[in-house]
Each structure stands twice: as C-alpha cells, then as structure tokens.
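>>> any chance you could fold what I've pasted below:
(one chain, ligands or ions: 2)
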Amino acid sequence: MPDASGPELKTPALPYTDEVKAKTDHLYPRVAKSIPEIEWRVMAPYIAAINDLKKEKNAVILAHNYMTPEIFYCVGDFAGDSLQLAKEAAKSDADVIVQAGVHFMAETSKILCPDKTVLIPDPKAGCSLASSITGADVRLLKQKYPGVPVVTYVNTTADVKAETDICCTSSNAVEVVEHAAKEFGTDTVILIPDQFLARNVAAMTDIKIVTWAGACEVHERFTAEDIREIREGNPGVIVLAHPECPPDVLAEADFAGSTSGMSNYVKENQPNNVVLITECSMSDNVALENPNVNFVRPCNLCPYMKMISLPKILRSLQTMEHEVTIDPEIIEKARRPIERMIALPLKRQSMYNHQHAPEVAAVEARS
Ligand code: 13P
Ligand code: SF4
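Residues are numbered from 1 along each chain as shown. Ligands and ions are numbered 1, 2, ... in the order given. Prediction:
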C-alpha cells in the first residue's frame, strides 16, 4: 500500500481473511466511491487490527481533514479541523490518543491532556509553519514590541505556544485578534508565524498586525493565475480556499475558511461544481459525503500529513511508539493560550471575504 516515507515501514502486508471481512464489510460503503475493492482488501486487515487494538487499549484516533479516506472514515473516532481536534482532545476520556495528523497537533493534545499517552505514528510528520519559528524568536519579538499581545497560530511547537498570550486557528483568527487587542487595550497585535494568514486577517480588521515570515509550503504555491485558469476551464465553478493561501488567491475565491469551514460550505450549499484550493485529501473526503457535487481537483499534497498511513497507525498502537513528551513546565505555560482560545465564545467561523489585502504593519524574521 502507498506510504509517503516507506523505508521505515517494517510491517508486512496482512492477509484478508473471513474474520477481517466480517469486521470491515460495514465500513467499505463509506469509502467505496474512492477506494477500489482490490485496494480495500489490502487496507481492511489493517483497519480491523487498528479498531481491535483501539478497544483493547482504550485509545481514540483524532483524524485531521487532510487524512486519506481510509483513515478519515474507517479508523478515525473524531475528524475535523485543528480547532475541533483540540476540543476533542480536551474532552476525551481515553487513555491513549493517536494523532492522525502532524506533530504540532499531537503536541496540542499532550498539552491539553498531560496525563494521557499521546502517540504520533510518524514523528517526522512536521509542518513548514511550525518549523519556521522558535520560542527564542518569540521572546525577541516581545522585547521589540513590549505590551503588544502575541496571538499564535496553533501550527506551532509547544515552546512557541509557551510564549504566547492566546492561540488561534484559521477558523477563528479574525475574532481572536480583535479579542486580544481589546483585552490588552492595544491597536496592534503580533500574529505569527503565517504571513499569509496574517495578511488575510489584516484585510478583515482595523487592528494593525505584526507578523512573521513563515508560510505553509502547500498553500503558498497556489497563485491567483491558477484560480483564473480554473474558472476559465470550468465555467460556474465555486472556488473555496484556505486562509493560508496568499491574499490574491483569496481575493479570487468565492469563500475562504478553515478545512471544516470549506467542508461545511459544500454540505450547506451543494454547488454543482466546486474546487477546494487546499490539500488533496480534503476533496476526496468531502466528495464522499456529497455525492451530487462535482469536484474539480487541482490540489497540492502535504508531504507531512501523507506520512501518516494505516500500517504506521497500527504499529504505533502495537508498540506505543512514538510517544509525544513535553517538559512539564512548558506544558503549564503552553496550556493557557490554548485554553483561552477554546474558552472564547465565538459565534461563527472567521470570514475572509476580502477583495484586496491591506499591508501588515511589519513582517519580522530571524536576523
Ligand atoms: P485547519 O485548522 O483549517 O484544519 O488547518 C490546519 C492546517 O494544517 C492547514 O494546512
Ligand atoms: Fe503545515 Fe501546510 Fe502541511 Fe498544514 S498543509 S500541516 S500548514 S505544511
């Protein structure tokens, strides 16, 4: 079966037996439109073994919207965007959390549930945003802008969160920035590390934004020209984009929102023809729940999300590797900004319906 970082995968292929068939037949209809039967017979033994081990070890799997359909629909207990997964982790009474997502998401679960065992099936599943900035960088930023609140995107390490006043995700960034400015009595907010998310937020608020020169390597590759070409080739197509895309891409889109924001848009509006300007697995997952919607499918793969596979999830549950550990002092400091975000009474998803992006006040970088 395909595996983005194959060489470390030692698990041999498992046989498709009558027992496996009995345990998985009810799951196949969820993914049949996307996975041919011949591939399903390779996946099903892993799915059966993972679901058995979850019961045995009182484990839950949190699956991000970018997971492939067999993970998203057949072994994930909770699926969603970064904010929803953080909330599920906080509520969970399982002993073990397996993060089917990337490392910063697993750290968020560990920060919120320090007494639980949190596993990441591949510790190399990183994120270009999380690796763009360190806790030391944030300390220098705070010296340069004293008294200015620090709003940090959840796509960051625990060290960075520990230096943060409040976290945000793409689904609440505009509201969190406005809340932070009000609470601290400032007209400026530091919003790090995604310069494109920051620019897209700046277009929706009067608060001045200082940001960091980070970017998502998946979303920064989309261009406004791509969108115009898609529209030309697919008249009437509805374009949905993630707010990690550059502002001129969002200016060409019909709607921009978090991964779940895009998914909900499709569910609620049932467009005839839609394109999701984001990671490839999103369209596969959303298409399975919306059989009457046609998906145009240019997309970029996230190499980190694609490191998570069924064999690695199984191995993780069998060996209890790779456990996420964080210094307890950092956990204490990093929990506050995440809990403050979760506690905010936000009524709706942040909207990014701008036609142009005003400049941010500054884009900082390591000197
Ligand atoms: P969401 O919070 O929208 O799920 O985004 C997380 C992510 O990594 C997008 O690239
Ligand atoms: Fe990070 Fe971008 Fe991958 Fe999301 S899609 S995990 S932001 S690199």
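
>>> what about the closest residue to ligand 2 within the stretch 251-367 of the chain, how many neighbours?
Residue of the stretch 251-367 of the chain nearest ligand 2, by Cβ to the nearest ligand atom: residue 302 (3.4 Å). To be clear about C-beta, it is placed using only N, CA and C from the backbone, and glycine gets the same treatment. For residue 302, the count of nearby residues is 23 (other Cβ atoms under 10 Å).

>>> which of the helices or strands spans it?
Using DSSP states H and E, residue 302 falls within no helix or strand.

>>> can you give me the strands in the stretch 1-150 of the chain?
59-64, 78-80, 96-100, 117-119, 150-153 (DSSP state E, counting those that start in this stretch).

>>> now mean neighbour count, mean pLDDT and distance to ligand 2 too, for those strands, in JSON lines please.
Shown next, in JSON lines, are those (neighbours: other Cβ atoms under 10 Å; pLDDT from 0 to 100; distance: least, Cβ to the nearest ligand atom, whole Å):
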{"stretch": "strand 59-64", "mean neighbour count": "25", "mean pLDDT": "97", "distance to ligand 2": "8"}
{"stretch": "strand 78-80", "mean neighbour count": "20", "mean pLDDT": "95", "distance to ligand 2": "14"}
{"stretch": "strand 96-100", "mean neighbour count": "27", "mean pLDDT": "97", "distance to ligand 2": "12"}
{"stretch": "strand 117-119", "mean neighbour count": "23", "mean pLDDT": "97", "distance to ligand 2": "17"}
{"stretch": "strand 150-153", "mean neighbour count": "27", "mean pLDDT": "98", "distance to ligand 2": "9"}
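
>>> relative to ligand 1, which of those is closest?
Per Cβ to the nearest ligand atom, nearest to ligand 1 of these: strand 59-64, 6.2 Å.

>>> now for the closest one, which elements pack on it?
helix 37-56, helix 69-74, strand 78-80, helix 82-91, strand 96-100, helix 103-112 (3 or more Cβ pairs under 8 Å, 6 or more residues apart in numbering; DSSP states H and E).

>>> that one pairs with which strands, parallel or anti?
Strand pairing for strand 59-64, using DSSP bridges, gives strand 78-80 (parallel), strand 96-100 (parallel).

>>> weakest of the helices and strands packed on strand 59-64 in terms of mean pLDDT?
Ranked by mean pLDDT, the helices and strands packed on strand 59-64 end with helix 82-91 at the bottom, a mean of 89.

>>> show me how far that one is from its chain's centre.
Offset of helix 82-91 from its chain centre (Cα atoms, centre = their mean, to the nearest Å): 11 Å.

>>> nearest to residue 236, of the strands of the stretch 1-150 of the chain?
strand 78-80 (29.4 Å; Cβ to Cβ).

>>> just how off-centre is that closest one within its chain?
Centre to centre, stretch against its chain (Cα atoms, centre = their mean), the figure for strand 78-80 is 10 Å.

>>> so which of the helices and strands packed on strand 59-64 comes closest to ligand 1?
helix 82-91 (3.3 Å).

>>> to residue 366, which of the strands of the stretch 1-150 of the chain lies closest?
The nearest among those, by Cβ to Cβ, is strand 150-153 at 16.1 Å.

>>> can you list the residues of this protein near ligand 2?
The chain comes close to ligand 2 at residues 102, 127-129, 155, 216-218, 244, 279, 302, 304-305, as judged by Cβ under 6 Å from any ligand atom.

>>> any chance of those residues in CSV, plus distance to residue 273 and pLDDT?
Formatted as CSV, these follow (distance: Cβ to Cβ, whole Å; pLDDT from 0 to 100):
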residue, distance to residue 273, pLDDT
102, 30, 98
127, 31, 98
128, 31, 98
129, 31, 98
155, 30, 97
216, 26, 98
217, 28, 98
218, 23, 97
244, 24, 97
279, 20, 96
302, 24, 98
304, 30, 98
305, 26, 98
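
>>> which of those lies closest to residue 141?
For those, the nearest to residue 141 is residue 129 (15.7 Å; Cβ to Cβ).

>>> list the contacts for the closest one?
153, 155-156, 193-194, 214-216, 244 (Cβ atoms under 8 Å, 6 or more residues apart in numbering).

>>> what parts of the protein come near ligand 1?
Residues of the chain lying near ligand 1 (Cβ under 6 Å from any ligand atom): 65, 81-82, 155, 169-170, 216, 242, 244, 258-259.

>>> which of those fall in helices?
Using DSSP state H, 82, 259 are the members of those that sit in helices.

>>> okay, now the unreliable bits of the chain?
1-12 (pLDDT under 70).

>>> pop the domain breakdown of it in here.
18-128+304-319, 130-214+328-364, 219-296 (automatic domain parsing).
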